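Student: from the sequence below, what's the structure:
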Amino acid sequence: MSNTPRQSYIPADTSRDAFRAEVEALRRLGIQGRARLTFDLIEQLQTTTEAGIRDRHPEYTPAQVRMARNRIWWGEALFRRVYPGVDIAI
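Tutor: Sure thing, here's the model as predicted:
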């Protein structure tokens, strides 16, 4: 098997060399490093999402901010199943 990434996986705005360097860097991180990176990204996304909600709704309590975040992350159908009857703006 070749170490060259298949063209179909390379984003249109990324060169083959840049993509190869990214793949190699992720491989060097190992599974624990990639897991840590994933959890860090999730935490950053949570922080950013909640900051946007607080900017739009400064009156929200921390619990309301979390519910609004969950509505965004989970989508309408799951949110309605978990929080039936709750109508929180996002």
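
Student: state the pLDDT value of residue 70.
Tutor: We have a pLDDT of 95 for residue 70.

Student: now it: how far from residue 37?
Tutor: 23 Å (C-beta to C-beta, to the nearest Å). For the C-beta atoms, the positions are set from N, CA and C on the backbone; glycine is no exception.

Student: what does the helix or strand where residue 73 lies rub up against?
Tutor: For residue 73, the host element (DSSP states H and E) is helix 62-74. For helix 62-74, contacts defined as C-beta atoms under 8 Å, 6 or more residues apart in numbering pick out 46, 49-50, 53-54, 57, 60, 79, 82-83, 86, 88-90.

Student: export it as CSV, just CAs?
Tutor: The C-alpha coordinates for helix 62-74 follow below in CSV (Å, rounded to 0.1, in the frame of the first residue of the first chain):
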residue,chain,number,x,y,z
PRO,A,62,-26.5,29.1,33.0
ALA,A,63,-29.1,26.3,32.8
GLN,A,64,-30.9,28.1,29.9
VAL,A,65,-27.6,28.6,28.1
ARG,A,66,-26.9,24.9,28.3
MET,A,67,-30.4,24.1,27.1
ALA,A,68,-30.0,26.5,24.1
ARG,A,69,-26.6,24.9,23.4
ASN,A,70,-28.2,21.4,23.5
ARG,A,71,-30.9,22.6,21.1
ILE,A,72,-28.3,23.7,18.6
TRP,A,73,-26.1,20.6,19.0
TRP,A,74,-28.8,17.9,19.1
